[in-house]
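Undergrad: Please find the sequence and the predicted model below.
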Amino acid sequence: MYVCVCKGVTDHQIRQQVSDGARSWRDVREATGCGTQCGKCACFAKSVTREAVQEARAEADMGLAYAI
């Protein structure tokens, strides 16, 4: 789904940025331009980013648990 209509950024693109190493809203914003024009999407985009980062950390923790 489109999160930022102004820049054409989807939730999938935000999640992909996190998958590629972004760990903050600032990282996602700089990489995608999301939230840099009108700003109406910023609150929701931050939520999507936060959720994706939490999921990435949980996956990393699971990977460490299996490695032990």
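TA: Yep, it's here.

Undergrad: To what extent is Ser19 buried, counted in neighbours?
TA: If you count neighbours by other C-beta atoms under 10 Å, Ser19 ends up with 12. C-beta coordinates here come from the backbone N, C-alpha and C atoms, glycine included.

Undergrad: what's the spacing between it and Val28?
TA: Using C-beta to C-beta, to the nearest Å, Ser19 is found at 11 Å from Val28.

Undergrad: what do you get for Ala58?
TA: Separation of Ala58 from Val28 (C-beta to C-beta): 18 Å.

Undergrad: Over to Gln13?
TA: Distance from Gln13 to Val28, by C-beta to C-beta: 9 Å.

Undergrad: which residues do these two both contact?
TA: Cys34 (C-beta atoms under 8 Å, 6 or more residues apart in numbering).

Undergrad: More neighbours: those two, which one.
TA: More crowded of Gln13 and Val28, by other C-beta under 10 Å: Val28, with 27 against 18.

Undergrad: Going by neighbour count, list what's buried in the helix or strand harbouring that one.
TA: Val28 is part of helix 25-32 when elements are defined by DSSP states H and E. Burial within helix 25-32, assessed by neighbour count using 16 or more other C-beta atoms under 10 Å, is assigned to Trp25, Asp27, Val28, Arg29, Ala31, Thr32.

Undergrad: Centre-most residue in this structure?
TA: The residue lying closest to the centre of the chain (C-alpha atoms, centre = their mean) is Thr49, at 3.2 Å.

Undergrad: what residues are up against that one?
TA: Ile14, Val18, Ala22, Ser24, Trp25, Val28.

Undergrad: All set now, cheers.
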